[in-house]
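*Asks:* below are the sequence and a predicted model for it; my questions follow.
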Amino acid sequence: SSHFGPNHFGPRPWVSRQDYLLPPPNSRTKAPQAAMAVASSSPFFQALVVASSVLVAIGQSVRGAAETAAVAVAAAEYPMKEVPTNPNSDLAIYALLASAVVVPTLGIGAMLAAKEKGWWGACCLISGLITLLWAYYAYL
């Protein structure tokens, strides 16, 4: 005979739904909840929230308008006359070559070398990558 019967995961008539559902939590203090409910539903409080939101929106639209206008005028006075060119256009081809061939080859080689060392290899590989990334960002 099997440990799991045909109705093992099915309904259990001897267990009611109320046996495993917890009741909703009851608050011990009724006064703060009632006061907050009254304050949030009062027309004065709602009008105060709407008025403060309108004031913030108006303030955001006016803030920095003079500086933006000055920058727009300066940009219109001196438009760009010629498009700059990059004399080192071969760098994109070298970057493509490195990303498509060199980096995967070095990555596979590092993983094969780490595989031979078991857990120590995995630990060194992961911590080494994290250390290199940390040193790179620390240099920047």
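*Replies:* Looks like it came in fine.
*Asks:* for T85, give me phi and psi.
*Replies:* Dihedral angles of T85 (phi, psi; degrees, to the nearest 10) stand at phi -120, psi 150.
*Asks:* so where do the helices sit in this protein?
*Replies:* Here the chain has its helices, by DSSP state H, at 17-20, 31-41, 43-62, 65-77, 91-97, 103-115, 119-139.
*Asks:* show me what the longest one is in contact with.
*Replies:* The set of residues that contact helix 119-139 without belonging to it, under Cβ atoms under 8 Å, 6 or more residues apart in numbering, is 110-111, 113-115, 117. All C-beta atoms are positioned from the backbone trio N, CA, C, and that covers glycine.
*Asks:* mind redoing it with 6 Å?
*Replies:* Residues outside helix 119-139 that contact it (Cβ atoms under 6 Å, 6 or more residues apart in numbering): A114.
*Asks:* what residues sit buried inside that helix?
*Replies:* Of the residues in helix 119-139, 121, 125 count as buried by neighbour count, 16 or more other Cβ atoms under 10 Å.
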